[in-house]
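Q: Model the following, please.
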Amino acid sequence: MHAAWDEVYWLFGCSLIAEEARLYADAGTDPDHPWRPHRVVERVEEARDVISLILEPADGRRAPHRTGQYVAVAVDLPDGTRQPRQYTISSSTPEAALRVTVKRVRGADGAPDGQVSTWLHENAHVGTVLDVSQPAGDLLLDDSDDALVLISAGIGITPVAAMVDDLARRRPDRPVRLFHVDREPDTHALVSDVRDRAQRMSDLRSLTWYTAGGTEGPAVRSGRMDLADIDLPQAPRVFLCGPLPFMQAIRSALTARGIAPERIEYEVFGPDLWARQPKSGAA
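A: Residues are numbered from 1 along each chain as shown. Predicted coordinates for the structure are as follows:
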């Protein structure tokens with residue numbers, strides 16, 4: 001039995017290595033040197049503890065990316081270690097400079113602060129050079145006519161922002177329902193960008209929840225996200241991005257509403273803002 005499992009792991013490992021090699025080949029990247037220096041050309045304070053960094057490759061050769069992909073950013077920390085972290089590309093133009101949006105992770109209940117996010121917030125300014133990987137990831141916006149339901153929590157807004165940006169440019173008539181939950185307006189990143197793009201779309205409806213309360217309006221509610229009384233399109237494609245417990249709860253709510261599990265794609269982002277109040281299919 002152990003030998004059989006060893007073979008399974010070996011075959012799985014080989015498939016991952018082959019896929020990684022294919023990605024490097026498609027991008028024209030030397031697998032022995034996967035990092036490319038990028039210079040910060042702009043820094044934007046998006047929300048409390050959230051910044052966006054606009055990154056240009058030092059050699060001037062921009063790597064195209066698809067909407068929904070991410071890059072890894074590697075930094076050398078004061079203790080001498082080198083740490084990479086993955087950040088979604090939060091804008092959509094394939095040949096443009098990369099925008100990554102970074103939430104500073106502050107430790108709570110005895111947990112340490114996030115090392116890389118803290119370093120980037122304190123040290124990544126215009127002119128800083130960072131090592132960046134090629135774009136990767138399979139949480140991708142498609143070109144079908146299916147209605148979209150985009151659901152995010154906290155910094156999970158980053159792929160949603162990129163998708164809305166893409167749709168506003170290329171498919172402004174595609175039906176979209178946009179649902180987001182955050183602690184409060186001051187922590188809601190990229191909100192102005194998303195609202196600006198949404199105004200260019202003919203069939204987009206949005207609703208936001210703030211768990212800290214105190215904010216109500218036609219498109220804003222207090223408390224946890226609750227989709228029980230929300231009109232949803234028939235058989236939509238769903239993208240779900242946020243902390244794991246949030247996604248588990250929302251996925252259960254969606255399947256209870258009759259949305260097939262295989263229509264739900266997801267990506268985990270950040271610590272759990274849901275508890276203080278989570279890939280597609282059968283996970």
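
Q: any idea how far residue 173 is from residue 96?
A: 23 Å (CB to CB, to the nearest Å). Glycine gets a C-beta too; all of them are placed from N, C-alpha and C.

Q: Repeat that for residue 72.
A: Per CB to CB, residue 72 is found 35 Å from residue 173.

Q: which one of those two has more residues nearby?
A: When residue 72 is set against residue 173 and neighbours are counted by other CB atoms under 10 Å, the residue ahead is residue 72, at 16 against 11.

Q: Assign a three-state SS to that one, would you?
A: Three states are possible here, and by DSSP: H, G, I helix; E, B strand; the rest coil the one that applies to residue 72 is strand.

Q: shouldn't it be in contact with residue 82?
A: No: with contacts defined as CB atoms under 8 Å, residue 72 does not count as touching residue 82, sitting 11.6 Å away.

Q: The residue nearest to residue 48 when sequence neighbours are not counted: how many residues sit nearby?
A: Closest residue to residue 48 in three dimensions, ignoring its sequence neighbours and counting by CB to CB, 6 or more residues apart in numbering: residue 186, at 4.8 Å. Residue crowding around residue 186 was assessed by other CB under 10 Å; the count is 12.

Q: do you know how far residue 263 is from residue 144?
A: Summarising the geometry, the distance separating residue 263 from residue 144, computed by CB to CB, is 12 Å.

Q: higher neighbour count, these two?
A: Legend: neighbour count by other CB under 10 Å for residue 263 and residue 144, higher for residue 263 (16 against 10).

Q: got the contact list for the more buried one?
A: For residue 263, the set of contacting residues under the criterion of CB atoms under 8 Å, 6 or more residues apart in numbering consists of 235, 236, 237, 238, 280.

Q: can I get the residues you listed in a markdown table with secondary structure and neighbour count?
A: Below are the contacts of residue 263 laid out as a markdown table (DSSP: H, G, I helix; E, B strand; the rest coil; neighbours: other CB atoms under 10 Å):
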| residue | secondary structure | neighbour count |
| --- | --- | --- |
| 235 | coil | 11 |
| 236 | coil | 19 |
| 237 | strand | 18 |
| 238 | strand | 24 |
| 280 | coil | 18 |
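
Q: Would you mark the buried spots in the particular helix or strand that has residue 37 in it?
A: Residue 37 is located in strand 36-47, with elements delineated by DSSP states H and E. Residues of strand 36-47 classed as buried under the neighbour-count rule (16 or more other CB atoms under 10 Å) are 36, 38, 40, 43, 46, 47.

Q: Show me which parts of whichever strand or helix holds residue 195 are buried, residue by residue.
A: Assessed by DSSP H and E, residue 195 sits inside helix 191-198. The neighbour-count check on helix 191-198 (16+ other CB under 10 Å) flags 191, 193, 194, 197, 198 as buried.

Q: quick one: that helix to strand 36-47, angle?
A: Interaxial angle of helix 191-198 relative to strand 36-47 (axes from the mean of the first three to the mean of the last three CA atoms, to 10 degrees): 90 degrees.

Q: how much distance is there from the helix or strand just after helix 191-198 to the middle of the chain?
A: From helix 191-198 onward toward the C-terminus, using DSSP H and E, the following helix or strand is strand 204-210. In terms of CA atoms, centre = their mean, to the nearest Å, the centre of strand 204-210 is set 18 Å apart from its chain centre.

Q: Stretch 197-205 now?
A: Between the mean C-alpha location of stretch 197-205 and the chain-wide mean there is a distance of 20 Å, by CA atoms, centre = their mean.
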